[in-house]
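Novice: predicted structure and sequence below. I'll ask about it afterward.
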Amino acid sequence: MQISAPLAGEWHVLRPPGHHPFAMDFVRTDHRGRMHDPVRGVPGLRSIDAARYHCWDQPVFAPFAGEVLHSAGDWPDHAGTSAWATVQRWYEATFRFKPVRTEGFIDIRPNAGNYVMIRGHDGVIAFLAHLREGSPCVVPGDRVALGAPVGRVGLSGNTTAPHLHFNLFDQMDDPFEAAVLPFVIDSFAQRSRQGAWERKIAATPDVGAWVAFDVSLPDSSEQGRLSSEPG
């Protein structure tokens, strides 16, 4: 399925171990590839405030027009990240999380945090997760246009750093039977290993690549965030 980018500006595409092959995480880095501003302390032991991450509070957009199937915005963000917090969140999600059905829908907030699900005209559902607490600006039943703002990047749920998790589902009548679907993005730029930006049309970003969701190609001399990045 072809979609539009759910973000603006330049992002690093990741797929951590355990993620579905058709799911992607998007993070932002500086020109040195760092996801957050420099902090003092022993690496692995220091705590990093969520607001120090470059993608914190960045706007998230609807990848296609449709109806909001479900959303959640009241799950607290983590204050920050640390090695201990990473282990603790992994343990909670792996061994202690037990899905609870509320009003006919399974509560996935302990894992997904705050999220928005948008169902397109063909029934495909876009899933945008780990949004900032209070940022989802749509509720079930709302009709959203392509590119409409739906929330902001946060640090909620089972996540080791602020980022946007994105994937498509074929249905949500039975979440345990839902299939994750492949997708292509209508237009974006991807930076090659040599540092040159190349326009991609109806393509899937490479895992590990830096991509720019922007109308114009970035300056190939820029190795980090775009100067036109959203606030």
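Specialist: Perfect, I can see it now.

Novice: CA only for contacts and neighbour counts going forward, please
Specialist: Will do.

Novice: just give me the residue right at the centre of the protein.
Specialist: Nearest to the mean C-alpha position of the chain, counting by Cα atoms, centre = their mean, stands L164 at 1.3 Å.

Novice: from A51, how far off is that one?
Specialist: Applying Cα to Cα, to the nearest Å, one obtains 15 Å for the distance of L164 from A51.

Novice: next one: D74
Specialist: According to Cα to Cα, D74 and A51 sit 18 Å apart.

Novice: kindly report the same for P6.
Specialist: Per Cα to Cα, P6 is found 21 Å from A51.

Novice: neighbour count winner among these two?
Specialist: Legend: neighbour count by other Cα atoms under 10 Å for P6 and A51, higher for P6 (23 against 16).

Novice: A62 is in contact with I3, correct?
Specialist: No - between I3 and A62 there is no contact under Cα atoms under 8 Å: 9.3 Å.

Novice: ok, these two, which is more surrounded?
Specialist: More crowded of I3 and A62, by other Cα under 10 Å: A62, with 26 against 19.

Novice: the more buried one contacts V150, correct?
Specialist: Yes - counting by Cα under 8 Å, V150 is a contact partner of A62 at 6.3 Å.

Novice: where are the low-confidence patches of this structure?
Specialist: Counting by pLDDT under 70, the ranges of the chain that qualify are 41-46, 82-100, 102-104, 215-231.

Novice: now do the helices in it.
Specialist: Counting by DSSP state H, the chain has helices at residues 83-91, 109-112.

Novice: so what's the gap between the last one and the chain middle?
Specialist: Okay, so that is helix 109-112. Computed by Cα atoms, centre = their mean, to the nearest Å, the chain-centroid distance of helix 109-112 equals 13 Å.

Novice: and it, what does it pack against?
Specialist: Using 3 or more Cα pairs under 8 Å, 6 or more residues apart in numbering; DSSP states H and E as the contact test, no helix or strand touches helix 109-112.

Novice: can I get it in PDB, CA atoms only?
Specialist: The C-alpha trace of helix 109-112 is given here as PDB (Å, rounded to 0.1, in the frame of the first residue of the first chain):
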ATOM      1  CA  ARG A 109      -1.100   1.400  26.400                       C
ATOM      2  CA  PRO A 110       1.500  -0.400  28.600                       C
ATOM      3  CA  ASN A 111       3.300  -1.400  25.400                       C
ATOM      4  CA  ALA A 112       2.300   1.200  22.800                       C
END
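
Novice: so what touches that helix?
Specialist: A72, W75, A93, F97, Y115, A129, H130, S156, G157, N158, T159 (Cα atoms under 8 Å, 6 or more residues apart in numbering).

Novice: go through that helix and flag the buried ones.
Specialist: Buried residues in helix 109-112, counted by 16 or more other Cα atoms under 10 Å: R109, P110, N111, A112.

Novice: pick the one among these closest to P140.
Specialist: For the buried residues of helix 109-112, the residue nearest P140 by Cα to Cα is R109; the value is 15.7 Å.

Novice: do you know how far that closest one is from G157?
Specialist: 6 Å.

Novice: name the residues contacting each of the two.
Specialist: Here R109 and G157 share the contacting residues W75, scored by Cα under 8 Å, 6+ apart.
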